[in-house]
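Participant: Just the structure for this:
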Amino acid sequence: MFIGSYPFIVYFSTEKEGWVGTKDGLLYTQNGGKSWESRHVSGEGQYVSEYWFYDNQDIRAGFAYGNKYKSHDGGNTWQYDGGMNDF
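Facilitator: The predicted structure follows:
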(Lines give C-alpha, C1' and ligand atoms only; values in the text may rest on other atoms or scores of the structure.)
Protein backbone atom coordinates (compact mmCIF):
# COMPACT_ATOMS: atom_id res chain seq x y z
CA MET A 1 0.00 0.00 0.00
CA PHE A 2 1.52 3.27 -1.12
CA ILE A 3 -0.14 6.68 -1.38
CA GLY A 4 0.16 7.00 -5.15
CA SER A 5 3.90 7.60 -5.36
CA TYR A 6 7.12 5.70 -4.94
CA PRO A 7 8.83 5.56 -1.53
CA PHE A 8 11.94 7.70 -1.17
CA ILE A 9 12.73 6.87 2.44
CA VAL A 10 12.30 3.69 4.43
CA TYR A 11 13.11 3.72 8.14
CA PHE A 12 12.67 0.75 10.49
CA SER A 13 13.52 1.31 14.13
CA THR A 14 12.89 -2.35 15.00
CA GLU A 15 12.17 -5.50 13.06
CA LYS A 16 8.43 -4.75 13.27
CA GLU A 17 8.09 -0.95 13.56
CA GLY A 18 8.82 1.25 10.57
CA TRP A 19 7.90 4.09 8.26
CA VAL A 20 7.84 4.63 4.50
CA GLY A 21 7.95 8.21 3.23
CA THR A 22 6.55 9.28 -0.13
CA LYS A 23 5.95 12.69 -1.65
CA ASP A 24 2.28 12.23 -0.72
CA GLY A 25 2.67 11.24 2.92
CA LEU A 26 4.01 8.89 5.52
CA LEU A 27 3.01 5.26 6.12
CA TYR A 28 3.56 3.42 9.41
CA THR A 29 3.66 -0.29 10.31
CA GLN A 30 3.84 -2.10 13.63
CA ASN A 31 3.94 -5.59 12.14
CA GLY A 32 6.89 -5.62 9.76
CA GLY A 33 4.91 -4.34 6.78
CA LYS A 34 1.96 -6.74 6.82
CA SER A 35 -0.34 -3.73 7.18
CA TRP A 36 0.21 0.02 6.96
CA GLU A 37 -1.58 3.10 8.26
CA SER A 38 -1.28 6.63 6.95
CA ARG A 39 0.38 9.27 9.11
CA HIS A 40 -0.59 12.25 6.99
CA VAL A 41 1.52 15.37 7.42
CA SER A 42 -0.93 18.23 7.87
CA GLY A 43 -1.95 21.10 5.76
CA GLU A 44 0.61 22.01 3.15
CA GLY A 45 -0.89 20.94 -0.17
CA GLN A 46 2.71 20.50 -1.31
CA TYR A 47 4.88 17.48 -1.84
CA VAL A 48 6.93 16.26 1.07
CA SER A 49 10.56 16.41 -0.03
CA GLU A 50 12.41 15.20 3.09
CA TYR A 51 11.84 13.22 6.28
CA TRP A 52 14.14 13.10 9.29
CA PHE A 53 13.74 10.41 11.96
CA TYR A 54 15.43 11.14 15.28
CA ASP A 55 13.78 8.21 17.10
CA ASN A 56 10.45 6.37 17.01
CA GLN A 57 8.51 9.44 18.10
CA ASP A 58 10.48 12.49 16.93
CA ILE A 59 10.02 13.05 13.17
CA ARG A 60 10.44 16.08 10.91
CA ALA A 61 8.97 16.55 7.42
CA GLY A 62 10.21 19.13 4.93
CA PHE A 63 8.03 20.36 2.09
CA ALA A 64 8.98 21.24 -1.46
CA TYR A 65 8.47 24.98 -0.91
CA GLY A 66 10.52 25.19 2.26
CA ASN A 67 8.18 24.75 5.23
CA LYS A 68 8.78 22.03 7.77
CA TYR A 69 6.62 20.25 10.31
CA LYS A 70 7.49 18.21 13.41
CA SER A 71 5.87 15.36 15.28
CA HIS A 72 6.71 14.16 18.78
CA ASP A 73 4.20 11.30 18.77
CA GLY A 74 5.30 9.12 15.86
CA GLY A 75 3.42 11.11 13.23
CA ASN A 76 -0.03 11.09 14.83
CA THR A 77 -0.06 14.88 15.07
CA TRP A 78 2.09 17.53 13.39
CA GLN A 79 3.01 21.13 14.23
CA TYR A 80 4.46 23.80 11.98
CA ASP A 81 8.19 24.13 12.65
CA GLY A 82 9.36 27.02 10.48
CA GLY A 83 11.19 27.12 7.19
CA MET A 84 13.92 24.82 5.89
CA ASN A 85 16.56 27.47 6.54
CA ASP A 86 15.80 27.17 10.27
CA PHE A 87 17.31 23.66 10.57
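
Participant: Spell out the residue ranges of the strands in the chain.
Facilitator: In the chain, the strands defined using DSSP state E lie at 7-12, 18-22, 25-29, 37-38, 48-53, 59-63, 67-71, 79-83.

Participant: Report the beta-bridge partner residues of the spatially most central residue of the chain.
Facilitator: In the chain, the centroid-proximal residue (C-alpha atoms, centre = their mean) is residue 26; its distance is 4.1 Å. For residue 26, the beta-bridge partners are residue 21 (DSSP bridges).

Participant: where does this protein dip in pLDDT?
Facilitator: 1-5, 42-46, 84-87 (pLDDT under 70).

Participant: let's see it at 80
Facilitator: In the predicted model, the chain carries pLDDT under 80 at residues 1-8, 22-25, 40-49, 63-65, 83-87.

Participant: residues near the residue nearest to residue 76 when sequence neighbours are not counted, how many?
Facilitator: Leaving aside its sequence neighbours, residue 76 sits nearest to residue 39 (C-beta to C-beta, 6 or more residues apart in numbering; 6.8 Å). Where C-beta positions appear, they are placed from N, C-alpha and C, glycine not excepted. Close neighbours of residue 39, defined as other C-beta atoms under 10 Å, add up to 20.

Participant: next one: residue 40
Facilitator: 15.

Participant: was I right about it contacting residue 27?
Facilitator: No. Counting by C-beta atoms under 8 Å, residue 40 stays clear of residue 27, with 9.8 Å between them.

Participant: Tell me the residues that contact both of those two, please.
Facilitator: Between them, residue 40 and residue 27 share no contacting residue under C-beta atoms under 8 Å, 6 or more residues apart in numbering.

Participant: number of nearby residues for residue 64?
Facilitator: For residue 64, using other C-beta under 10 Å, the count is 13.

Participant: I figured it hits residue 47, correct?
Facilitator: Yes. Counting by C-beta under 8 Å, residue 64 sits close enough to residue 47 to count as a contact (4.6 Å).
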